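Got a sequence here, can you build the structure:
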Amino acid sequence: MNDLSSMIVPGVLWGLVLFSVVSWAILLVKSAQYLRQKAQNKQFTKAFWGAP
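Numbering: from 1, shown residues only. As a prediction, the model looks like this:
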């Protein structure tokens with residue numbers, strides 16, 4: 001039983017680290033997408049209201 005738990009615990013911890021890194025990567029990508037979209041929206045709004 002001790003050998004099994006000594007293999008499971010590091011596996012679970014590495015799994016948690018992996019999913020944490022993936023979560024942070026998704027957060028950073030989505031933040032960059034949001035900022036890019038916000039800039040495009042501002043540009044579109046300016047062009048839309050400035051149209052004759």
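
Strands of the protein, start to end?
In order along the chain, the chain carries no strands (DSSP state E).

in it, which spans are helices?
Read by DSSP state H, the chain holds these helices, from start to end of the chain: 2-50.

Any stretches of it with poor pLDDT?
1 (pLDDT under 70).

please redo it, this time with the cut-off set to 80
Counting by pLDDT under 80, the ranges of the chain that qualify are 1-4.

residue farthest from the centroid of it?
Ranked by distance from the centre of the chain (Cα atoms, centre = their mean), the top residue is residue 52, with 40.2 Å.

what's the distance between that one and residue 3?
78 Å (Cβ to Cβ, to the nearest Å). Yep, even glycine has a C-beta here, placed from its N, CA and C like the rest.

Ok, residue 41 next?
Using Cβ to Cβ, we find residue 41 at a distance of 57 Å from residue 3.

Residue 19 now?
Relative to residue 3, residue 19 is positioned 25 Å away (criterion: Cβ to Cβ).
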